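In: predicted model and sequence follow; I will ask about them next.
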Amino acid sequence: MGNFTLGRYLPLDSPIHKMDPRAKIIAMLVMLIAVFIPAGWIGYGVIFIVAASTILISKLSFGFIWKSMKPMLMMLFFLLIINAFVMKTGEPLLTLGSFVIYSGAVFQTLYIAIRLMLMIMITTCLTATTKPLDMTLGIEDLLMPLKKFHVPAHEIAMLISIALRFIPDLIEETQRIMKAQQSRGVDMKEGKLMERVMAILSLIVPLFVSALQRAEDLANAMEARGYAPGEKRTRYKVLKMGKCDYFLLLGAFTTLIVMIGLAILL
């Protein structure tokens, strides 16, 4: 769990860190749409080059990005097993008695793995280069047109920002609870499967208690500072788009157009 980096902000000095959060959020959404366009391996290569270039400009390390991908490895392994049982397309690759693994199952798993990898790279780059407060302001501004339909834009933006902000804290709290229980003799790595499952389930109650306590402390702190949902608020920081922001959006939309073109040609 310590490898989970989504939602963790890294205060680095890079051009991406200084960009408008609205531009980064829109660029992320455009790139996520591009990931799901069936443009083949060439298209995935194009998105990888764009995402990797953005990571380098952001001065983030690929080790940091890889840490956010590690929790997905076990899920991909189970996905491969399920596809091996379900999918019977393509050429036979491996025969184990009466059980045959076909190339279609392997390629389908690889497609999903690459998509997840690209999505994690893009979203981690956003959360690692954008402060939680800037994220809130950006989401609120993007949702501002929905206020005409009585959509609580500020409240939705605040909820999303708080959720992203507290993911690392909940992960660290889970680790502390696990270490505390292990020091009291609870073994979560060895023993029978049922015993390990029960040991992990014992984390749920203290973790929920800790999460609720954090939520109550945060609510009291916001109330003590005069926060009132729905009230008209002023801003100390006003967002303003610059040339770099428009260049980022141009790059994202260009990537999307390239992906659509590859999908049509292939």
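Out: Ah, there it is. From a predicted model like this one, the values you see are computed outputs, not experimental measurements. Numbering: from 1, shown residues only.
In: now do the SS call for the nearest residue to V86 once chain neighbours are set aside.
Out: Using CB to CB, 6 or more residues apart in numbering and skipping residues adjacent in sequence, the residue nearest V86 is A105, 7.5 Å away. Yep, even glycine has a C-beta here, placed from its N, CA and C like the rest. Following DSSP: H, G, I helix; E, B strand; the rest coil, A105 is assigned to helix.
In: what's near enough to touch A105?
Out: Contacts for A105 (CB atoms under 8 Å, 6 or more residues apart in numbering) come out as 80, 83-84, 86-87, 89-90.
In: could you measure from it over to G63?
Out: Applying CB to CB, to the nearest Å, one obtains 31 Å for the distance of A105 from G63.
In: look up how far L116 lies from V209.
Out: According to CB to CB, V209 stands 32 Å off from L116.
In: also F149?
Out: Per CB to CB, F149 is found 33 Å from L116.
In: more neighbours: the two, which one.
Out: Under the criterion of other CB atoms under 10 Å, the comparison of F149 against L116 puts L116 first, with 16 against 6.
In: in space, what's closest to the more buried one - neighbours in sequence excluded?
Out: The shortest distance from L116 to any non-neighbouring residue, by CB to CB, 6+ apart, is to M72 (5.6 Å).
In: distance check, the one you found against I37.
Out: M72 is 21 Å from I37, by CB to CB.
In: kindly report the same for L218.
Out: As judged by CB to CB, L218 and I37 stand 39 Å apart.
In: those two: who's more crowded?
Out: Higher neighbour count among L218 and I37: I37, with 17 against 13, using other CB under 10 Å.
In: can you tell me the closest non-neighbouring residue to that one?
Out: M259 (4.4 Å).
In: surely the one you found is in contact with F36?
Out: No: using CB atoms under 8 Å, M259 is not in contact with F36; the gap is 9.2 Å.
In: which strands and helices lie in contact with the helix or strand containing A221?
Out: Assessed by DSSP states H and E, A221 sits inside helix 204-224. When contacts are defined as 3 or more CB pairs under 8 Å, 6 or more residues apart in numbering; DSSP states H and E, helix 204-224 sits against helix 153-183.
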